[in-house]
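>>> What follows is a predicted structure for the sequence shown.
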Protein chains: 2
Amino acid sequence: MPARRVTIRDVARAAGVSTTTVSAALTGNGRVSPETRDRIMRVAEECGYVASAAARSLRLGRSGAIGLYVPDRTVGFEYYAHLSRGAAEAALAHGFALTLLPAWPDAAPLRTLHLDGLIVCDPALGDPVAEVLRSLPVPMVTCERDPEPGASPAGVVASDHVAGTTVLLDHLAGQGAASIAALVPGEETSFGQETRRACRESDHDVRMVEVPLAYDPDDIARALAEARADEPDAIMVVPDGGALVALHLLQAEGVRVPEDLLLASYVDALSLQVARPTVTAVDIDPRATGASAVNALVDLVVGEVSGPVLTSVPTHLRVRESTSPA
Amino acid sequence: MPARRVTIRDVARAAGVSTTTVSAALTGNGRVSPETRDRIMRVAEECGYVASAAARSLRLGRSGAIGLYVPDRTVGFEYYAHLSRGAAEAALAHGFALTLLPAWPDAAPLRTLHLDGLIVCDPALGDPVAEVLRSLPVPMVTCERDPEPGASPAGVVASDHVAGTTVLLDHLAGQGAASIAALVPGEETSFGQETRRACRESDHDVRMVEVPLAYDPDDIARALAEARADEPDAIMVVPDGGALVALHLLQAEGVRVPEDLLLASYVDALSLQVARPTVTAVDIDPRATGASAVNALVDLVVGEVSGPVLTSVPTHLRVRESTSPA
DNA sequence: AGCATGTGCGGAAACGTTTCCGCAAGAGCG
DNA sequence: CGCTCTTGCGGAAACGTTTCCGCACATGCT
């Protein structure tokens, strides 16, 4: 026997006022005397009243849900798991629901979701899903800049990867690396563009080798072989998870890290802390990134802010054994 | 200038029928002649009509959203990333939205979300969030059985981990392991209960060492040391990610895998395929698990099925280098 | 006192669906 | 022909909010 839901009218009757007043009291929008407001809130609490999201959505023309899109190629990367969690927490704190968007090349089902806003992680040039999402008539904030020429998302949350990469390169040089090999992703993503730029403009001797963002272990192996041809003193692997592959390959060949070769990752991960040796990396705080993206998007949705928003998330170098000989 | 949304009334006018007929045509619920139906669908398409989820929810008393809860302790595990993706895809295919639920000890904000159903991953004894979710008045399906004594979720999607673990143990024995050490989680979760049972009831010589489900690398190290005290021929690590830690620790000590010691993981992961040696594991198909959970839940929500649903997801042993000496 | 202004509250419309019911016309049947 | 049953469709209510507007009264000012 599903008890009929308690509506605003029930509360109004119980409190001896009109629904208008109840609404005003609970939303804080109209004019209500403080005493009446308190009484209504108490009564509402007692009745177990909780406003119908559907009715409110219908009236307000806002669904109370925001979508999060994580590119298919990177599902499984630890980074996005934590980003998602941060986003979900922030959303709930604002009373919004965070809807997970699968890669879906068709816009129609996405339209039926009626999202108030979108968060797109690491938009890549030519990603058909990103394309579709950009076409939806709602504000969008991207985690990392959108590399698409014409695109201008309403908000961007990003770390300064040029700076982050530079710090890591400086650290490697400071540990005695005269020449550094960098396994970097391509230019199809802002993340790739920035980390590459840092390598290009570095004061040190950095040689880049490209590895796909959605790499196969074999891709890392190939790139690693190419990188080692120049006999570098240190290797920096940028994509998430790539450094671990490299570490295994090196160890399988009998190369000692860090004695024979320094190894560092750009994207930090738990597995880098459990690897032996533990691997130096840059913590780019995915949880904070997710939370910031939601906060920015909510501001845009409720109209507290109109212009494009740019939020920066700080990065932290985590020095570990793989770059600390002796 | 946000163009007014096109409603069912607009379509009705354009097609020269009533809103009743349009609704009947689009939902397939009432009585409409085939010709009229086709015409209406064409007109709706042309107008770019897409039904308001809010209005439909209000009328139907269903929100069209289902919640997915992943325990905080395991966020970051690859397994859940793929499970989430499978769930999101299946949900969208049914026209539902998948809402990510953060660990949140308070029921109130969760109530405001108005979910039609819940998916809870790996419910653990004493998890306060699971407790809260169980109290919500909506059907719930769990991925893995709910170990809570009184609890009876409306549906369960699970693999047979007793069988899966047994297959893996048999494989190790078949590769020549006379004695096997198993690093297993505790009994607070059905997953732990089943994998332990398989160890207890195994035909082979299996010694269990407990490691927390939300382990710290040091926990693995401790458990590994304890396990190796008996000089086993093989080690099976059950929790996601744990085998990788073990592999690193062993290699750091100069133990050769698989020559000196066989190593296997229960939960498969990409990192096990890229490790050197590659690590044998059991693929428990998280994506299928997520999709099945959503399918079962949707059936329950739309009322196509009433009794408790039990779905089984098959497991596959992936034999790799770490258990293949010579 | 007369007037403008502000405060506290209620009536009722509107948001966009779905569905119950009813009506007219046609079909089938004796 | 008269009856019932079916088919195709429309009117209108209902889902639960929020908000525009208006009313009555109190307050402050000249």
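Nice, thanks for sending it over. Numbers count the residues shown, from 1 in each chain, chains lettered A, B, ... in the order given.
>>> which residues in the stretch 151-300 of chain A form helices?
With helices called from DSSP state H, counting those that start in this stretch, the stretch 151-300 of chain A shows them at A:161-174, A:190-200, A:217-228, A:242-252, A:270-274, A:286-302.
>>> What pLDDT is listed against the residue of chain A most remote from its centre?
The C-alpha centroid of chain A is most remote from residue A:16, which lies 47.8 Å away (Cα atoms, centre = their mean). Here, the pLDDT recorded for residue A:16 equals 92.
>>> ok, now the one 3 residues further on?
At residue A:19, the pLDDT value in this model is 94.
>>> Bridged to residue A:124, which residues?
residue A:189 (DSSP bridges).
>>> For residue A:274, see how far away residue A:215 is.
21 Å (Cβ to Cβ, to the nearest Å). (Each C-beta comes from the backbone N, C-alpha and C, glycine too.)
>>> With residue A:53 instead?
42 Å.
>>> who in chain A is up against DNA strand C?
A:16-21, A:24, A:30-33, A:36, A:55, A:58-59, A:61 (Cβ under 7 Å from any atom of the strand).
>>> Out of the residues you listed, give me the two with the largest separation.
A:16 and A:61 (31.4 Å; Cβ to Cβ).
>>> residue contacts, the residue in the stretch 151-300 of chain A that DNA strand D sits nearest to?
Residue nearest to DNA strand D within the stretch 151-300 of chain A (Cβ to the nearest atom of the strand): residue A:298, separated by 16.6 Å. Shown in contact with residue A:298 (Cβ atoms under 8 Å, 6 or more residues apart in numbering or on different chains): A:66, A:90, A:91, A:94, A:96, A:117.
>>> Look up which residues are beta-bridged to the last one.
Which is residue A:117. Bridge pairing for residue A:117 - DSSP bridges - gives residue A:66.
>>> That one touches residue A:136, doesn't it?
No - counting by Cβ atoms under 8 Å, residue A:117 sits too far from residue A:136 to count as a contact (9.4 Å).
>>> These two: which has the busier surroundings?
Legend: neighbour count by other Cβ atoms under 10 Å in any protein chain shown for residue A:117 and residue A:136, higher for residue A:117 (26 against 16).
>>> Could you count how many residues lie near residue A:151?
By other Cβ under 10 Å, neighbour count at residue A:151 equals 16.
>>> Same question for residue A:163.
15.
>>> separation between the residue nearest to it when sequence neighbours are not counted and residue A:294?
Nearest residue to residue A:163, sequence neighbours excluded (Cβ to Cβ, 6 or more residues apart in numbering or on different chains): residue A:315, at 7.1 Å. For residue A:315, the distance to residue A:294 equals 20 Å [Cβ to Cβ].
>>> Looking at the two, which one has more neighbours?
residue A:294 (27 against 20).
>>> if we can go back for a sec, quick one: contacts for the residue nearest to residue A:163?
Counted by Cβ under 8 Å, 6+ apart, residue A:315 has contacts A:159, A:160, A:161, A:163, A:164, A:167, A:282, A:283, A:284, A:285.
>>> hang on, the third one packs against residue A:196?
This points to residue A:161. No - applying Cβ under 8 Å as the test, residue A:161 and residue A:196 come out as separate, 9.5 Å apart.
>>> hmm, who's touching the one helix or strand residue A:310 maps to?
Using DSSP states H and E, residue A:310 falls within strand A:309-313. The contact list for strand A:309-313, computed with Cβ under 8 Å, 6+ apart, reads A:141, A:154-160, A:284-285, A:288-289, A:292-293, A:295-296, A:299-300.
>>> still on that earlier bit, quick one: the residue nearest to residue A:163 from residue A:175, how far?
19 Å.
>>> So between residue A:161 and residue A:196, which is more surrounded?
Using other Cβ under 10 Å as the criterion, residue A:161 and residue A:196 rank with residue A:161 on top: 24 against 21.
>>> what secondary structure does residue A:50 sit in?
Using DSSP: H, G, I helix; E, B strand; the rest coil, the structure places residue A:50 in coil.
>>> hang on, it packs against residue B:112?
Yes - between residue A:50 and residue B:112 there is a contact under Cβ under 8 Å: 6.0 Å.
>>> Which one's more surrounded, these two?
Set side by side, residue A:50 and residue B:112 show more neighbours around residue B:112, with 17 against 13, by other Cβ under 10 Å.
>>> How about the contacts made by the more buried one?
A:50, A:51, A:53, A:95.
>>> which residues of the stretch 1-150 of chain A fall in strands?
Assigned by DSSP state E, counting those that start in this stretch, the stretch 1-150 of chain A shows strands spanning A:65-69, A:97-101, A:117-121, A:140-143.
>>> so which of those strands gets nearest residue B:124?
strand A:97-101 (22.4 Å).
>>> and the angle from that closest one to strand A:65-69?
Between strand A:97-101 and strand A:65-69, the angle comes out at 30 degrees (axes from the mean of the first three to the mean of the last three Cα atoms, to 10 degrees).
>>> Which of the residues in stretch A:182-201 are classified as buried?
Across stretch A:182-201, burial judged by 16 or more other Cβ atoms under 10 Å in any protein chain shown covers A:182-185, A:188-199.
>>> swap that for stretch A:37-44, please
In stretch A:37-44, counting by 16+ other Cβ under 10 Å, buried: A:37, A:39, A:40, A:41, A:43, A:44.
>>> can I assume the first one is in contact with residue A:25?
Looking back up the chat, that one is residue A:37. Yes - counting by Cβ under 8 Å, residue A:37 does reach residue A:25; the two are 4.4 Å apart.
>>> that older thread, look up how far residue A:46 lies from the residue farthest from the centre of chain A.
14 Å.
>>> go on, residue A:301?
32 Å.
>>> who's more crowded, these two?
The residue with more neighbours, out of residue A:301 and residue A:46, is residue A:301; 21 against 11, by other Cβ under 10 Å.
>>> separation between the more buried one and chain B?
13 Å (Cβ to the nearest Cβ, to the nearest Å).
>>> cool, residue A:236 as well?
In terms of Cβ to the nearest Cβ, residue A:236 sits 18 Å off from chain B.
>>> Bridge partners for that residue, pull those for me.
Assigned bridge partners for residue A:236, using DSSP bridges, are residue A:182, residue A:264.
>>> Just give the closest residue to residue A:30, not the sequence neighbours.
residue A:24 (2.9 Å).
>>> OK, contacts around the one you found?
Listed by Cβ under 8 Å, 6+ apart, the contact set of residue A:24 reads A:30, A:31, A:32.
>>> Can you check the pLDDT for the last one?
At residue A:32 the predicted local distance difference test score is 89.
>>> which residues touch it?
A:21, A:24, A:25, A:40.
>>> Dihedrals phi and psi, it?
When quoted as degrees, to the nearest 10, the phi and psi of residue A:32 stand at phi -140, psi 140.
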